[in-house]
Structures are given as structure tokens and as C-alpha cells.
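Visitor: Predicted model and sequence below, questions to follow.
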Amino acid sequence: MPTIKTPILPTHPQHVKVRAPHELDKKAICIFAATSYFLGTDTYWKDEKVLPSGTINTIDHEGYWVDSKPWFEWYYKPRDISFDQAVSEFTELFHAICKEQAGNRNVLLPLSGGLDSRTQAVAYSKLNNPVTSYSYSFHNGYKEGAIARQIANELGYEYRDMTIKPGYLWNKVDELAKLLNYGTEFTHPRQMAVIDEFRKMEGVFTLGHWGDVLFNSVAPNDLAEEDAEEWILKKIIVKGGQELAEALWKEWELEGEFMEYLRQRTKEIWSGLKIDDVGAKARAYYSSTRAVRWTNLGFAIFKATNPIEAPYYDDRMAEFICGVPEEYLADRKIQIAYLKNQSPDVAKITWQAQRPYNLYDYHKNESPHNLPYRIMDKAKRVINAKLGKPYIQRNWELQFLGMENDEKLQERIFGENLHPFLPKELITRFYNKFKTDDMVKYSHPLSMLLTLAVWYDNEVRG
């Protein structure tokens with residue numbers, strides 16, 4: 001019988017059929033509503049699953065998934081190496097992966113003000129690849145492109161600046177839904193706003209996703225094993241998500257309690273990780289769940305226009321991480337040292353997460369050193385708001401705010417009778433809470449209801 005081997009961090013989910021009733025997996029959908037991604041091998045349907053990462057899977061002659069065995073399991077066995085040796089090994093490995101993935105092709109590089117894409121940018125400058133870089137910023141938001149442009153100019157790369165404009169979602173929502181396979185909410189993948197620009201490019205997208213998890217602390221240093229499961233629950237449930245999930249659970253008359261079911265599912269995954277160090281275990285948890293059921297879904301938008309590669313998703317990177325002492329991975333130490341070693345001038349450019357500081361002085365980003373910047377930044381926002389240019393920080397603000405957006409949203413969630421899947425009363429309740437109660441809290445439930453409505457309309461009702 002044929003087998004399918006999945007990577008440690010797959011760049012796309014592989015859906016397979018199993019022998020089960022063709023029924024909605026409503027419990028799985030409730031977890032999806034709470035967290036914005038499916039857990040484990042779950043999908044919308046009981047007879048459809050996603051192959052687990054790092055496994056060898058047997059498919060029978062009728063095309064059904066019948067068996068799965070791990071070829072890789074996350075572990076933590078820190079080697080007795082110095083920090084400088086860890087940085088040296090990362091440098092050699094990262095350059096090798098980048099070169100193998102890109103070959104001699106033109107690199108299409110999304111540049112941000114952070115460290116992951118900056119690390120890639122420096123790597124390709126050492127490998128002499130031609131690079132077309134770009135960045136995008138929210139309309140009336142922080143101009144992230146200003147930092148990206150500095151990096152590109154320093155390295156001699158072509159640079160393109162793009163703006164994520166209000167309301168882009170509505171004429172692209174069906175295309176986006178299919179690209180994401182309805183596996184996450186639609187308001188986060190802002191790259192969909194510039195997909196037509198991507199189609200004009202030629203080369204290979206090299207994406208820096210997941211570097212910020214692999215090369216940073218995931219859990220607090222003092223997190224104890226006995227507290228870890230509750231900490232995980234707090235981290236994965238999006239604001240407003242539990243309320244929506246519990247409402248759906250009650251509406252669908254599911255047995256038991258939602259939180260008990262979610263707690264059981266997360267406990268199974270957590271306890272299945274045979275790692276003693278809580279920090280390394282938390283990274284492994286996220287990497288075996290969120291990375292493979294949420295983060296990688298956005299790759300499909302890039303892949304619809306050009307080939308893609310993802311250096312941090314390479315199997316060798318995961319193996320490397322499992323052998324590096326946790327203290328070296330914390331606080332982005334390895335990436336920061338790499339950038340200082342390989343390109344001091346790029347390291348001197350503002351680090352967005354620590355603005356206005358860079359990789360040499362970000363330790364000063366605390367009071368009283370950062371007070372002048374914080375005061376000036378707030379003053380600019382207040383002035384712009386008075387001028388009718390409210391500061392945009394979140395993608396949903398471009399999709400849900402304003403009369404035109406509201407009309408399009410209502411067409412999607414109220415335009416068709418979604419009962420009994422999504423009763424109108426339930427949709428109305430969360431829509432009104434978004435409009436009158438707390439927009440930040442209820443933006444996620446509203447976005448999830450939009451996702452579920454589009455999926456049901458397109459895939460069930462057809």
C-alpha cells in the first residue's frame with residue numbers, strides 16, 4: 001500500500017479520507033471557533049482528516065488513511081556547546097538551507113521590521129542571490145516599510161512598498177477562502193490585499209515564518225509543569241473565542257462542556273511530548289499544532305503566484321533546535337548575534353518590536369529612556385485621529401469598520417439562511433456585541449462567524 005511521509009513542519013496540510021460517517025465534526029469546529037485553527041488532525045468533517053506532521057502514513061488501495069507512525073518526535077537534548085559555536089552552526093546551516101532552497105533563482109523576499117526576514121535578507125546577500133524585496137503597511141498604520149526600505153538599501157536590493165487598503169477583503173474573500181481551505185479566519189492574511197502585485201513578480205518567495213518561535217522563549221522562565229496546561233489554554237484561546245465556542249456548543253446541543261473537551265484535547269498533545277524542560281516543551285507544542293494548522297496556511301496565497309520556500313520549516317532546522325540549550329534560544333540571542341556578525345550595519349537599523357532602538361541598544365527600551373519616543377508617538381496618533389486619520393493597528397479594522405465594510409459584512413453573514421448551522425439569533429447576538437460592546441474582544445468571533453458562513457455557503461450548500 002502507498003505511504004506518505006510528512007515533514008516535521010509541513011508547508012501545507014495534506015487532507016485525506018478516513019472511514020467514518022460524512023458528518024460535521026461540530027466539536028472540532030468549536031475548537032476552531034475558539035482558537036482560529038483546527039487541532040490535531042481535525043477538519044470540518046468526521047470523514048476527512050489532515051495527516052499529522054513528522055509521520056509516515058499508510059493509504060489503502062481505496063484511498064483511505066489507515067495507519068500513521070512517527071518518524072520524528074520533538075525532543076530536547078541540549079549539546080555541550082558554547083554560544084559562539086551555536087551561532088556558527090546556525091550560520092552554516094541557515095546559509096546552506098537558503099542556498100539549496102533558492103538555487104540561482106531570483107528571491108522574492110517579504111521584509112519587515114523584525115528579525116526573521118532581516119536574517120534572510122543578510123543570508124542572501126552572502127549567497128549573491130538576486131533579491132526583490134518588498135514590505136506592506138496598513139493604511140494609516142505604522143509605516144513598517146520605512147525599516148524594510150533601510151534594510152534593502154543597505155544590502156543593495158530592489159525594494160517595493162505596498163499599502164494594505166481598507167475593504168480589500170470583500171472582492172477577494174471567496175478566492176482567499178479556497179486558498180486557505182477555510183482553515184483559519186480571513187482577516188489576518190493581509191498579503192491577500194496585494195496578491196495581484198505578487199502575480200507581477202517572478203522568482204521564488206522565501207518566507208521567514210516560525211523563526212520567531214524557534215529562536216525565542218515561548219513560555220515564561222518560571223512556568224512549572226503543573227501549571228503549563230492551563231497556561232497553554234490561555235495562550236491558544238483568542239479573545240472572545242471561548243464565548244463563541246460555548247455558544248455554538250450549546251446551540252448544537254453537544255454532550256459535556258466545551259472547556260472540558262478543549263482541556264482534554266490539549267492535555268493529550270501536551271502529555272504526548274516526552275520533554276522535561278517546560279520551555280522546550282512549549283515550543284514543541286506550538287510547533288506541532290499552530291505552525292502546521294495555522295501559520296502555514298498563509299503560504300498558499302504566495303504559492304498561488306510563484307513557488308515558495310520556507311527556511312525555518314526545513315527539517316534540519318527543527319533537528320538543530322532540539323539540540324541547542326534553551327538559554328541560547330531565549331530572547332532571539334542567536335539571530336541577533338548572527339546579524340551583528342554578518343552585517344553590523346543592518347543590525348544598527350531599528351528593530352520594530354523595540355523601536356526606536358536597534359540590535360545594539362534595544363536594552364534601553366524601558367523607562368525613562370523610551371519616554372520621549374512614547375510621548376511623541378502618542379502625540380502623532382492623537383493629532384492624526386483629530387484629522388480623521390485614526391491609527392490602524394489590526395487587520396480587522398480595515399475589514400469591519402466603516403459603512404461600506406459593514407454593508408459587505410452583513411451581506412455575507414445575514415444574506416443567506418444559515419440555519420440550523422448558524423442560527424440568525426446567534427449571529428445577531430455577536431454582531432451586536434461587536435458594534436455596541438467591545439470591538440476588540442468581539443472582532444474575532446465576528447471574523448470566525450464570517451469564515452464559517454462563507455464555508456457553509458460555498459462548500460455545503462454549494
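Guide: Structure's in. What do you need?
Visitor: Not counting the top helix by length along the chain itself, show me its contacts.
Guide: Scanning the chain for the helix with the most residues, using DSSP state H, yields helix 83-102. With contact meaning CB atoms under 8 Å, 6 or more residues apart in numbering, helix 83-102 is reached by 81, 119-120, 123-124, 126-127, 129, 204, 206, 309-311, 314, 316-317, 320, 324-325, 328, 333-334, 337-338, 341-342. For every residue, glycine as well, the C-beta is placed using N, CA and C.
Visitor: All the strands of the stretch 101-250 of the chain, in order from the start?
Guide: 107-110, 131-138, 158-164, 204-206 (DSSP state E, counting those that start in this stretch).
Visitor: Can you get me a residue count around residue 250?
Guide: Look at residue 250: counted by other CB atoms under 10 Å, it has 13 neighbours.
Visitor: again, but for residue 48
Guide: Residue 48 has 17 nearby residues by other CB under 10 Å.
Visitor: Would you mind giving the strands of the stretch 101-250 of the chain as CSV with distance to residue 439 and mean neighbour count added?
Guide: Output for these, formatted as CSV (distance: least, CB to CB, whole Å; neighbours: other CB atoms under 10 Å):
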stretch, distance to residue 439, mean neighbour count
strand 107-110, 28, 25
strand 131-138, 16, 21
strand 158-164, 19, 16
strand 204-206, 33, 23
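Visitor: Minimum distance to residue 350: which of these has it?
Guide: strand 131-138 (13.2 Å; CB to CB).
Visitor: now that closest one: mean pLDDT?
Guide: Strand 131-138 comes out with an average pLDDT of 89.
Visitor: I'd say residue 284 and residue 272 touch.
Guide: No - Residue 284 lies out of contact with residue 272 (CB atoms under 8 Å); the separation is 9.9 Å.
Visitor: which of these two has more neighbours?
Guide: Applying other CB under 10 Å to residue 284 and residue 272 shows that residue 284 carries more neighbours, namely 25 against 13.
Visitor: Make sure residue 422 is actually in contact with residue 448.
Guide: No - using CB under 8 Å, residue 422 makes no contact with residue 448, being 10.3 Å away.
Visitor: Looking at these two, which one has more neighbours?
Guide: Counted by other CB under 10 Å, residue 422 and residue 448 do not tie: residue 448 has more neighbours, with 27 against 18.
Visitor: quick one: the more buried one and residue 53, what's the gap?
Guide: Using CB to CB, to the nearest Å, residue 448 is found at 24 Å from residue 53.
Visitor: hmm, back to that, among the contacts of helix 83-102, which ones are buried?
Guide: Among the contacts of helix 83-102, those scoring as buried are 119-120, 123-124, 129, 204, 206, 309-311, 314, 317, 320, 324-325, 328, 333-334, 337-338, 342 (criterion: 16 or more other CB atoms under 10 Å).
Visitor: and residue 175, how many neighbours does it have?
Guide: 13.
Visitor: residues contacting residue 252?
Guide: With the criterion set at CB under 8 Å, 6+ apart, residue 252 makes contact with 26, 30.
Visitor: How much space separates it from residue 159?
Guide: Distance from residue 252 to residue 159, by CB to CB: 50 Å.
Visitor: ok, now residue 234?
Guide: 39 Å.
Visitor: ok, now residue 411?
Guide: From residue 411 to residue 159 the distance is 38 Å (CB to CB).
Visitor: Also residue 136?
Guide: Taking CB to CB as the measure, residue 136 falls 12 Å from residue 159.
Visitor: how long is stretch 295-303 end to end?
Guide: Distance across stretch 295-303, first residue to last, is 14 Å (CA to CA, to the nearest Å).
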